[in-house]
Structure formats: C-alpha cells, structure tokens
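Chemist: From the sequence below, what's the structure:
(one chain, ligands or ions: 1)
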Amino acid sequence: MNLHVPNASASAPGSALLAISGGRDSVALLHMLVSAGLKRLVLCHFNHGLRGRESGQDAAFVRRLAVHYGLPCEVEKADVITWAAKRKVSLETAARTLRYDFLHRMAAKHAAARIYLAHHADDQAETILANLCRGTGIGGLKGMVMETNSTPALCRPLLNKTRAEIADYVQKHGLSFREDSSNTSPQHRRNRLRHEVLPLLNAVYAREVSPLIVRLGKQAERDDDCLQQQALALIQEEGLITQEGRLRVTAKLRSQHPAVLSRVLYFWLGEVLGLPGLDSESLEAASSLLLPGGVAKMNLPEGRHLRRKAGYLWVTEPT
Ligand SMILES: Nc1ncnc2c1ncn2[C@@H]1O[C@H](COP(=O)(O)OP(=O)(O)OP(=O)(O)O)[C@@H](O)[C@H]1O
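Modeler: Residues are numbered from 1 along each chain as shown. From the prediction side, this is the model:
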C-alpha cells in the first residue's frame, strides 16, 4: 500500500506521536510508519475506561505492541463518565475532548510536532454524512483534513485508504489487533451510520457511495479554501476587525457575495472571538445584520447577542 508519510526520514528532527487505540486501523498505521522508517515514534493510548475489563486489556495490548516495536509508550486513564456528567456533555464528546487533551499534553512532553491518527476514507464519509445531518455548511462538508496547520499537526496518512484496503494490509502482514465491541453498538450514532445508513445508500444506488462522499469533501475543501482566502484578504485590506473586536460594516463588505460574507462572519465570530456553536443557519442569520435597514440584533448560542449600531457589529456577553 502506497502511503505518504510526512517526516518519515530517520534524521527528521523531533519525535512524532501515534494515537493508538489497538484497533485494526491504528495497528496498521503503526506497522506502516515503522516500515516507512519513522524511528522516533511514541505510542499514546488513552484508556477511556468505558468498556470495563476490555478497556484495560486494550491498554495492555498497546503496551505489548510498544515492547514488540521497541518504542516508548504513554498510557493514561480518565474517568470519562464523571467528567461528562459534570459538564452535561455526551460521553462521545467527553471521550474525544479528554483524548485530544491527553494527546496534546504528550506532544508537549515529547516535543512532538506531529500526531498521527488512523482515520481512513470510510471514517471521512461517516464524518461528512454526520456533519450534513447536524446542519453543516460547506466547512463541515470538508470533513477531516489530511494534515492540519496547527502545532502539533494532526496527520491522517490513511485518509485516502478504505477500510477494506486497510483490512487487506493487516491480513497480508499478519498483524493482530483488538476488536472494539462498542464499534457495533447501535447506541452510537456513528455505528448506525456505518452499519445501517451507508449500506442502505449503497443498496439503493447500487454502488459504493463512500468514495463519492469523500470526493465531495475534497471539492468542498478546495472551494471553501478559495472563499476563505477571499474573506481574509477583504478583512485585511479593509481593516474590518477593530482592536476592540468589533466588525466594521463597510460598503465594500456589504457588496460581497453572501458566500464571502458568511466566511468573514465565521472568521470574526469563530476564530477571532472564539464563539462556540456557530452553525450555517446562525451565520446566515448574522449576514442579515449587515443589510441596511435589516434587523439590528439577533441571538447567538449561549445567551450572547449580536448587535449592529453606528456602522459596527459587536457581540454582547450574557448578563
Ligand atoms: N483510545 C485511544 N487512544 C489513542 N488514540 C485513539 C484512541 N481511540 C482512537 N484513537 C485514535 O483516533 C482514531 C480514530 O478513532 P476511531 O474511534 O475512529 O478509531 P477506532 O475504530 O477506535 O480504532 P482504530 O482506528 O485503531 O481501528 C484512531 O484511528 C486512533 O488513531
């Protein structure tokens, strides 16, 4: 299997982490990364403790893999259930948040510039479909990116490979891995997409729909990048964002295509002000505040408000 592995040369500076569950995909990626010559790899496993004894056995399996490959290993356990209950979030959200927090701490500890994840094309199709059903804009249609610009970068070298290709690889190389019993539980929406929705779509359209969804994701990424660049150039040229974090409503801003407008608003509200829970619907509604004579106030998630007055938009915090 041809795999593009950034930073694989043995002389590359710094180390990299592999987020490893012990499942088929991350075990395959471990084998590929080592085969590609990546030497300074740290295996990182997060024990969510959600599957009783099975969770402990996964962690023990990953430790044995690390010994087998002669690589360092970090394992951490957290009480995901209590954490989720305290913050009133779903177990899935809590598990993801705590796992990424662990991975970022480990990246700092090992001065790692990259975190490898074993997401593949079928995961990508499920992610895009899930985003679609939650009410995404084009941004959500992009799904996951192969490599983020962040530090540390999140790298997904398997994103173009299908689950079947990875299964073939694992079989060909005789790799053993852990089966996750929760991967079949219909309690998780993700599993229902995987085991019920996608097979039904395949049957209805008499073809594999995942590659089509992945292709749409790539097109969305390209088009969205172009619109984002236009929006960022406009923000800079016009000096749209003030030091106090307000948005200047200029004639040039108002004359923009709605696709550019919504990206200006997303950049301002999401990236600069860091507001959570912005979906395409609220961005569209926010665009209407830019129109002369349109509404001058709208509700934002978490009790905030967006207001327009005297040529500026700004956000008021909940009282
Ligand atoms: N417990 C964990 N500890 C560390 N990394 C994890 C863990 N669970 C998942 N990951 C990382 O996140 C990626 C995506 O997670 P996902 O839940 O889709 O994978 P999985 O089906 O549990 O495992 P795998 O991808 O290894 O078969 C994994 O490929 C792996 O890189």
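Chemist: For Asn299, which non-adjacent residue is closest in space?
Modeler: In space, Asn299 comes closest to His305 once its chain neighbours are excluded; the distance is 6.1 Å by CB to CB, 6 or more residues apart in numbering. C-beta here means a position set from N, CA and C on the backbone, and glycine is covered the same way.
Chemist: for that neighbour, phi and psi?
Modeler: Here is the backbone geometry of His305 (degrees, to the nearest 10): phi -130, psi 150.
Chemist: The closest residue to the ligand within the chain - how many residues pack around it?
Modeler: When CB to the nearest ligand atom is the measure, the chain has its nearest residue to the ligand at Gly23, with 2.5 Å between them. In terms of burial, Gly23 registers 16 neighbours under the definition other CB atoms under 10 Å.
Chemist: From what I see, it and Asp180 are in contact.
Modeler: Yes. At 5.6 Å, Gly23 counts as touching Asp180 under the criterion of CB atoms under 8 Å.
Chemist: Show me where the stretch 151-300 of the chain has its strands.
Modeler: 153-155, 247-248, 297-299 (DSSP state E, counting those that start in this stretch).
Chemist: Output the ones you listed as JSON lines; include the columns mean pLDDT and mean neighbour count.
Modeler: Shown next, in JSON lines, are the strands of the stretch 151-300 of the chain (pLDDT from 0 to 100; neighbours: other CB atoms under 10 Å):
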{"stretch": "strand 153-155", "mean pLDDT": "97", "mean neighbour count": "21"}
{"stretch": "strand 247-248", "mean pLDDT": "96", "mean neighbour count": "20"}
{"stretch": "strand 297-299", "mean pLDDT": "89", "mean neighbour count": "13"}
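Chemist: Tell me where the chain is predicted with low confidence.
Modeler: Within the chain, the segments meeting pLDDT under 70 span 2-14, 184.
Chemist: rerun that using 50 as the cut-off
Modeler: Along the chain, the parts satisfying pLDDT under 50 run over 10-11.
Chemist: Near the ligand, which residues of it are found?
Modeler: Taking CB under 6 Å from any ligand atom, the part of the chain that reaches the ligand is made up of 19-21, 23-26, 44-46, 99, 117-119, 123, 180, 183.
Chemist: Contacts only, for the residue of the chain closest to the ligand.
Modeler: Ala118, Phe177, Arg178, Glu179, Asp180, Asn183 (CB atoms under 8 Å, 6 or more residues apart in numbering).
Chemist: if you set the cut-off to 7 Å instead, what comes out?
Modeler: For Gly23, the contacting residues are Phe177, Arg178, Asp180, by CB atoms under 7 Å, 6 or more residues apart in numbering.
Chemist: Tell me, how many residues neighbour the second one?
Modeler: Look at Arg178: counted by other CB under 10 Å, it has 19 neighbours.
Chemist: With the last one instead?
Modeler: Each residue near Asp180 was counted by other CB under 10 Å, and the total is 16.
Chemist: ok, it to Asp25 distance?
Modeler: Shown here: Asp180 relative to Asp25, a distance of 11 Å by CB to CB, to the nearest Å.
Chemist: Equivalent analysis for the first one, please.
Modeler: The span separating Phe177 from Asp25 equals 8 Å under the rule CB to CB.
Chemist: Quick check on these two: which one has the bigger neighbour count.
Modeler: Asp25 (23 against 19).
Chemist: Name the SS class of that one, please.
Modeler: Per DSSP: H, G, I helix; E, B strand; the rest coil, the secondary structure class of Asp25 is helix.
Chemist: okay but it is in contact with Ile166, surely?
Modeler: Yes. The criterion here is CB atoms under 7 Å, and Asp25 meets it with Ile166 at 5.6 Å.
Chemist: Overlap in contacts, those two.
Modeler: For the pair Asp25 and Ile166, residues contacting each of them under the criterion CB under 7 Å, 6+ apart are His120, Leu158.
Chemist: list the contacts for Asp281?
Modeler: Quick fix: residue 281 is Glu, not Asp. For Glu281, the contacting residues are Gly135, by CB under 7 Å, 6+ apart.
Chemist: how much space between it and Leu269?
Modeler: Where Leu269 is concerned, Glu281 sits at a distance of 13 Å (CB to CB).
Chemist: strand partners of the biggest strand by length in the chain, parallel vs antiparallel please.
Modeler: Of all the elements of type strand in the chain, the one with the most residues (DSSP state E) is strand 41-47. Strands that pair with strand 41-47, judged by DSSP bridges, come out as strand 15-19 (parallel), strand 73-77 (parallel).
Chemist: how far out from the middle of the chain is the first one?
Modeler: Spelled out, it's strand 15-19. The chain centre lies 17 Å from the centre of strand 15-19; the measure is CA atoms, centre = their mean, to the nearest Å.
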